[in-house]
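Participant: Got a sequence here, can you model it:
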Amino acid sequence: MLGDGMNATLGDLLYSDGTKIPVPEADWAQLVQSIAAGDRHALRALYERTHHLVFTLILRIANDYDTAEEMTIEVFEDVWRRASNYDATRETVVGWIMNRARSKAIHRRRFDSLQVIWPDVIRPSGLLWARLARRFGIEAGGEATLALPEWPDPEWMEVSPGITVQLLATDAERDRVSMLVRLSPGVDYPPHRHAGVEELHLLDGELMIDEKKLYPGDYARALPGTADNRVWSETGCTCVLMASPKDVLR
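Facilitator: Reported below is the predicted structural model:
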């Protein structure tokens with residue numbers, strides 16, 4: 001049961017099933033290093049693993065499908081140009097990309113009176129990579145044969161009634177984990193104290209963190225040593241979460 005026992009941690013919960021081997025953060029960082037060295041195959045691999053999260057976050061903020069597609073391309077152009085600036089000691093690769101996406105989207109936010117109802121995680125047009133590839137001069141015939149890294153496809157696993165997670169990356173050296181988290185309607189995430197920096201990007205639904213209410217596209221950041229006394233969702237929600245597996249659950 002989530003949070004049961006003295007000093008239970010997030011890691012106790014996530015890694016209780018030894019058969020589930022998440023992708024090490026080092027593999028993600030290696031992709032970024034390869035991109036910095038000019039490897040377009042690595043860019044394709046990183047795109048395939050993250051573009052649906054980037055696109056969904058931008059769509060929540062911009063509220064326009066075409067704008068979200070164009071800005072998703074811009075995010076990965078930025079990744080290509082700025083990969084050498086990535087600092088693995090400061091943030092995870094998923095966090096780095098999501099923060100770039102959020103920053104771009106906020107600068108081009110559209111304030112519409114019309115509220116569009118989208119699914120929780122949205123994939124853009126299948127032609128989006130082809131548009132990005134053309135900007136980098138990648139041959140159409142060559143892109144179809146690109147081999148992606150042999151990473152296991154992350155599975156959704158129920159860690160407590162109404163709470164499911166999809167592990168994206170783990171960093172044992174720096175005690176960090178990147179994951180997708182879903183809460184069912186009316187479900188609470190356990191109260192917890194942060195062992196490291198926590199970053200959250202809300203993709204779908206509404207989420208209450210103590211007295212603060214988050215809406216799709218919102219961002220929350222917590223510092224080590226701080227605590228969240230109640231985290232819950234009346235509507236159900238999906239978020240990208242970067243946290244420490246040493247967070248203490250209460």
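
Participant: measure the residue lying closest to Ala222 once chain neighbours are set aside to Ser233 for me?
Facilitator: Leaving aside its chain neighbours, Ala222 sits nearest to Glu198 (4.3 Å; criterion: C-beta to C-beta, 6 or more residues apart in numbering). For the C-beta atoms, the positions are set from N, CA and C on the backbone; glycine is no exception. Computed as C-beta to C-beta, to the nearest Å, the Glu198 to Ser233 distance reads 17 Å.

Participant: Glu206 too?
Facilitator: From Glu206 to Ser233 the distance is 6 Å (C-beta to C-beta).

Participant: hey, what's Ala243 bridged with?
Facilitator: Val177 (DSSP bridges).

Participant: Following element in sequence after the least confident helix or strand in the chain by mean pLDDT, please.
Facilitator: Here the helix or strand of the chain ranked lowest by mean pLDDT, DSSP states H and E is helix 140-143, holding a mean of 44. Sequence order places strand 156-160 as the next helix or strand after helix 140-143, per DSSP states H and E.

Participant: Listing partners with orientation, what would you give for that next one?
Facilitator: strand 163-171 (antiparallel).

Participant: any idea of the mean pLDDT for the strand it pairs with?
Facilitator: Across strand 163-171, the average pLDDT comes to 93.

Participant: where does this protein have low pLDDT?
Facilitator: The chain contains residues with pLDDT under 70 at 1-6, 17-21, 109-129, 131-150, 152.

Participant: Where is the longest helix in it?
Facilitator: Using DSSP state H to define each element, the chain has its longest helix at helix 40-62.

Participant: Give me the packing partners of it, helices and strands only.
Facilitator: Under the contact criterion of 3 or more C-beta pairs under 8 Å, 6 or more residues apart in numbering; DSSP states H and E, helix 40-62 touches helix 25-36, helix 65-82, helix 93-107, helix 128-135, strand 198-205.

Participant: can you rerun that using 10 Å?
Facilitator: Other elements packing on helix 40-62 under the criterion 3 or more C-beta pairs under 10 Å, 6 or more residues apart in numbering; DSSP states H and E are helix 25-36, helix 65-82, helix 93-107, helix 128-135, helix 140-143, strand 163-171, strand 198-205, strand 237-243.

Participant: With distance to Arg221 added, can I get these in JSON lines?
Facilitator: Formatted as JSON lines, those follow (distance: least, C-beta to C-beta, whole Å):
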{"stretch": "helix 25-36", "distance to Arg221": "19"}
{"stretch": "helix 65-82", "distance to Arg221": "19"}
{"stretch": "helix 93-107", "distance to Arg221": "10"}
{"stretch": "helix 128-135", "distance to Arg221": "29"}
{"stretch": "helix 140-143", "distance to Arg221": "36"}
{"stretch": "strand 163-171", "distance to Arg221": "18"}
{"stretch": "strand 198-205", "distance to Arg221": "5"}
{"stretch": "strand 237-243", "distance to Arg221": "10"}
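
Participant: so of the ones you listed, which one's packed in deepest?
Facilitator: strand 237-243 (a mean of 25; mean count of other C-beta atoms under 10 Å).

Participant: Enumerate every residue touching the residue nearest to Ala222.
Facilitator: Applying C-beta atoms under 10 Å, 6 or more residues apart in numbering to Glu198 gives the contacts 10, 176, 192, 220-224, 226, 228, 241-244, 247.

Participant: Buried subset of those residues, written for ChimeraX?
Facilitator: Only the buried members of these enter the following ChimeraX selection, criterion being 16 or more other C-beta atoms under 10 Å:
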select :10,176,192,220,222,228,241,242,243,244,247
